[in-house]
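Visitor: Model the following, please.
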Amino acid sequence: MSSPSPQSFGRTIQLFLVDGTPNGLRKATIHGWTGLTFVATGTTFAALTSRPELDRTGIYILSGPDVEAVGGTRAYIGSANSVRERIKQSAQQREFWETAIAVTTSDDDLSKGHVEYLEARLIQMASDANRVTLDNGTNPAGQRRRLPEADQANMEQFLANLKIILPVVGLDLLKPQPRAVAQASTPVEQRTAHETTFEIRHKSGVSAEAVEEDGEFVVLEGSQALMDTGYVQQSYGTLKVNLVKQGVLVPGADGKHVFAKPYSFNSPSAAAAVVLDRNSNGRTEWKVKGQKRTYHDWQQARISSDEAEH
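Guide: All right, here's what the predicted structure looks like:
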């Protein structure tokens, strides 16, 4: 489990429910930052576009399920001098979206050049993170990123705040992949050297290895996964279909799938379910490599250790 960066520090985020209900329009701000982030669904989209703040220069994101990738997310990133008009047009042109996010500033200090820079960088960062399918097609032209050095620094700070606030409102498209995934060309021993390795050694003969990094559970390449076991209650079946479609899982020997590349799951249980082709409690199925200690026991020991240190 990775330790937090020594530079990390607390931040105050205010989440305001505009109409007082949890499912209504939301407004998110960070203390000391002029950025205003509004989050709407299809039913609250009219409330979003009626806000006076959206008649300002800013950026916006439309996101929703990706029908071409089961369990995946599709997103469109845009910018405009008037966010209101452009986000309306983009929403009408796209059927996939379920969530609309608009970002402007309280003092209306973003210029056209600023938001075009932000748009281009957001597309680049989302593409590099590879957590969503972008509906933008091609990246904006390189000249759209040209700003004076001081303005670029200010916009990079703006992006740093967006990287904090977007996951809080439910959109994690900018988070970099764990090292175990992003540095796949580096030998496994090197990129997982500081992580505890877990394994599944099942009576069926299937074997798999994984590491936990930054709250994500990464099954490593070369791991095996059972296929066609016939368990009808396999709730992660759609995810497994998607992994086959993506080329993450490929046919291997003895009627098993093999992980052709590392893949990050949101929990040990999701990873165990794909490996064993059935609903599984990953907290007991995964064990520390070479030991009988389960993931649950390992995690409890870490919690006790952390509490003792504090």
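Visitor: drop to CA atoms for contacts and neighbour counts, all remaining ones
Guide: OK.
Visitor: avg pLDDT for stretch 221-231?
Guide: Stretch 221-231 shows a mean pLDDT of 87.
Visitor: can you pull the buried residues of it?
Guide: Glu221, Gly222, Ser223, Gln224, Ala225, Leu226, Met227 (16 or more other CA atoms under 10 Å).
Visitor: looking at it, Thr197 is touching Gln291, isn't it?
Guide: No. Using CA atoms under 8 Å as the test, Thr197 is too far from Gln291 to be in contact (10.5 Å).
Visitor: And the helices in the stretch 151-300 of the chain?
Guide: Ranges of helices in the stretch 151-300 of the chain, per DSSP state H, counting those that start in this stretch, are 179-182, 188-191, 237-246, 268-276, 282-285, 295-309.
Visitor: helix, strand or coil for Val39?
Guide: strand (DSSP: H, G, I helix; E, B strand; the rest coil).
Visitor: got any ranges where the stretch 151-300 of the chain has weak pLDDT?
Guide: Flagging of the stretch 151-300 of the chain using pLDDT under 70 yields the residue ranges 231-235.
Visitor: re earlier: could I get the helices of the stretch 151-300 of the chain as TSV with distance to Val211 and mean neighbour count?
Guide: As requested, these are exported to TSV (distance: least, CA to CA, whole Å; neighbours: other CA atoms under 10 Å):
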stretch	distance to Val211	mean neighbour count
helix 179-182	8	20
helix 188-191	10	13
helix 237-246	19	16
helix 268-276	10	24
helix 282-285	13	18
helix 295-309	11	12
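Visitor: what's the closest of the ones you listed to Tyr60?
Guide: Using CA to CA as the measure, helix 179-182 is the one of the helices of the stretch 151-300 of the chain that comes nearest Tyr60, at 26.9 Å.
Visitor: Around Ile77, how many other residues sit close by?
Guide: 21 (other CA atoms under 10 Å).
Visitor: what are the pairing partners of the one helix or strand it maps to, and which direction each?
Guide: Here Ile77, judged by DSSP states H and E, is contained in strand 73-80. Strand 73-80 has the following strand partners under DSSP bridges: strand 58-65 (antiparallel), strand 133-134 (parallel).
Visitor: and that strand, how far from the chain's centre?
Guide: Remark: strand 73-80 is offset 15 Å from the chain centroid, using CA atoms, centre = their mean, to the nearest Å.
Visitor: After it, which helix or strand is next?
Guide: Next element after strand 73-80 (DSSP H and E): helix 83-93.
Visitor: and the angle for the strand holding Ile77 with helix 83-93?
Guide: Comparing the axes of strand 73-80 and helix 83-93 via axes from the mean of the first three to the mean of the last three CA atoms, to 10 degrees yields an angle of 140 degrees.
Visitor: Need the CA coordinates for strand 73-80. PDB is fine.
Guide: C-alpha atoms of strand 73-80 as PDB (Å, rounded to 0.1, in the frame of the first residue of the first chain):
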ATOM      1  CA  THR A  73     -17.600   5.500 -19.300                       C
ATOM      2  CA  ARG A  74     -17.700   7.900 -22.200                       C
ATOM      3  CA  ALA A  75     -17.000  11.600 -21.900                       C
ATOM      4  CA  TYR A  76     -16.900  14.700 -24.000                       C
ATOM      5  CA  ILE A  77     -14.800  17.800 -23.000                       C
ATOM      6  CA  GLY A  78     -15.500  21.300 -24.300                       C
ATOM      7  CA  SER A  79     -14.900  25.000 -23.800                       C
ATOM      8  CA  ALA A  80     -16.700  28.100 -24.700                       C
END
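Visitor: what does that strand contact?
Guide: Applying CA atoms under 8 Å, 6 or more residues apart in numbering, the contact partners of strand 73-80 are 57-66, 86-87, 96-97, 112, 115-116, 119, 122-123, 131-136.
Visitor: tell me the contacts of Ser106?
Guide: The neighbours of Ser106, taking CA under 8 Å, 6+ apart as the test, are Thr34, Gly35, Leu36, Glu53.
Visitor: Buried ones among those?
Guide: The buried subset of the contacts of Ser106 - by 16+ other CA under 10 Å - is Gly35, Leu36, Glu53.
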